[in-house]
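Q: Sharing a sequence plus its predicted fold:
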Amino acid sequence: MNRTLAYSTCPNDTFIFHALVHGLVKAEGTDFKTHLHDVEALNGFATERTFDVTKLSFAALGHLRHRYALLRSGAALGRGCGPLIVAKPGFDPKRLKEVPIAVPGLMTTAHLLLGLYLGQSPNSAPMVFDTIMPKVAAGEFEAGLIIHESRFTYADHGLTCVDDLGAFWERETDLPIPLGGIAAARDLPKDEITRIDAAISQSVTYAFAHPNASRDYIRSHAVELSDEVTQSHIDLYVNNFSIDLGDEGIAAVEALMDRAEKSGLIPQSEAPLFV
């Protein structure tokens, strides 16, 4: 069966999926046509059910649980890896509820966490994540919300960290922060979803066992990143939760959904997280 598989160009995703899309591990009975896009673009595609299996921000999954079921493998979830609020030195954090904030998309988990942090819907200006720091540094916005490898380079733009939303989440819940996961369309056969889930888990395991195998593939999609930043990105976002969410990972996702529902930031849903 031919299926579409979509994930981001970020090093954590290309590291995770390299073995699967290059035939080093297989999902029995399923062949994939791959599509790589920015995560917020993937969130948008998912509203139209464009891809069979796709990377999604957990915030986006909160809006799409009727359409997509979460897989246990492939997730970006952990501690010390949350989005950061950045600004020029001297910015008063009390003004965050007043000023427009540059954000990496309205359906990102970063944006959802910002709403939980502020206790209200943020005054947000969405844009591609890698344009945020230059715009804040240039004074176009007083504050920005950064994700991915930007957390390693914001100081190079003369910016300071106003607060760490991952640390905020961990203080509030004592749970790891769930950033993004892999979801399968609910109209796929359940047994096929199970096989795909297992294959992605095997792809992560292969990546850990053969860390150099995916190097060229990762570099081909991360051409603007140094080897050091690329490896730091992988080390931060790929871990045992990427092999299997486990009980703690599932508890973290459920806590995020529950808090977001109660805050009115995502719709209520009776759909189970998994198939």
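A: Received it, and whenever you're ready, just let me know what you need. The model shown is predicted, which means the values in this text are computed figures rather than measured ones.
Q: Could I get the full set of strands for the stretch 151-275 of the chain?
A: 160-164, 177-185 (DSSP state E, counting those that start in this stretch).
Q: Could you check how sure the model is about the last one, as an average pLDDT?
A: Strand 177-185 carries an average pLDDT of 97.
Q: by contact count, what packs against it?
A: strand 53-57, helix 58-63, strand 68-70, strand 76-78, helix 109-118, helix 165-173, helix 190-209, helix 246-262 (3 or more CB pairs under 8 Å, 6 or more residues apart in numbering; DSSP states H and E). To be clear about C-beta, it is placed using only N, CA and C from the backbone, and glycine gets the same treatment.
Q: and Asp130, what does it touch?
A: Residues in contact with Asp130 (CB atoms under 8 Å, 6 or more residues apart in numbering) are 148, 150.
Q: of all the helices and strands packed on strand 177-185, which lies closest to Thr230?
A: helix 190-209 (13.5 Å; CB to CB).
Q: Tell me the buried residues in the closest one?
A: Neighbour-count burial for helix 190-209, counted by 16 or more other CB atoms under 10 Å, picks out 192-207.
Q: With respect to Leu24, which of the residues you listed is nearest?
A: The closest of the buried residues of helix 190-209, once distances to Leu24 are taken by CB to CB, is Tyr206, at 5.8 Å.
Q: For the closest residue to that closest one other than its chain neighbours, the count of nearby residues, please.
A: Closest residue in space to Tyr206, ignoring its immediate chain neighbours: Ala19 at 3.9 Å, by CB to CB, 6 or more residues apart in numbering. When neighbours are counted by other CB atoms under 10 Å, Ala19 registers 24.
Q: Verify the assumption that Ala19 is located in a helix.
A: Yes - counting by DSSP: H, G, I helix; E, B strand; the rest coil, Ala19 is found in a helix.
Q: State the distance from it to Asp31.
A: Ala19 is 15 Å from Asp31, where distance means CB to CB, to the nearest Å.
Q: For the protein, list the residue farthest from the centre, please.
A: Of all residues in the chain, Gly90 has its C-alpha farthest from the mean position, at 29.7 Å, by CA atoms, centre = their mean.
Q: that's a helix at that residue, yeah?
A: No - counting by three-state DSSP, one finds Gly90 to be coil, located in no helix.
Q: Look up phi and psi at it.
A: phi 100, psi -10 (degrees, to the nearest 10).
Q: show me the residues around it that make contact.
A: No contacts exist for Gly90 under CB under 8 Å, 6+ apart.
Q: And it, what's its pLDDT?
A: 96.
Q: so Gly80 is in which element?
A: Under the criterion DSSP states H and E, no helix or strand holds Gly80.
Q: What is the burial count for it?
A: If we define neighbours as other CB under 10 Å, then Gly80 has 12 of them.
Q: Repeat that for Gly44.
A: Gly44 has 16 nearby residues by other CB under 10 Å.
Q: Then the one 5 residues further on?
A: Other residues within reach of Arg49, judged by other CB under 10 Å, total 14.
Q: what's the helix or strand of the chain with the lowest mean pLDDT packed up against?
A: One helix or strand of the chain scores below all others by mean pLDDT, DSSP states H and E: helix 227-237, with a mean of 90. Here helix 227-237 touches helix 11-21, strand 76-78, helix 215-221, going by 3+ CB pairs under 8 Å, 6+ apart.
Q: My read is that Ala271 contacts Leu64, right?
A: No - with contact defined as CB atoms under 8 Å, Ala271 does not count as touching Leu64 (9.3 Å).
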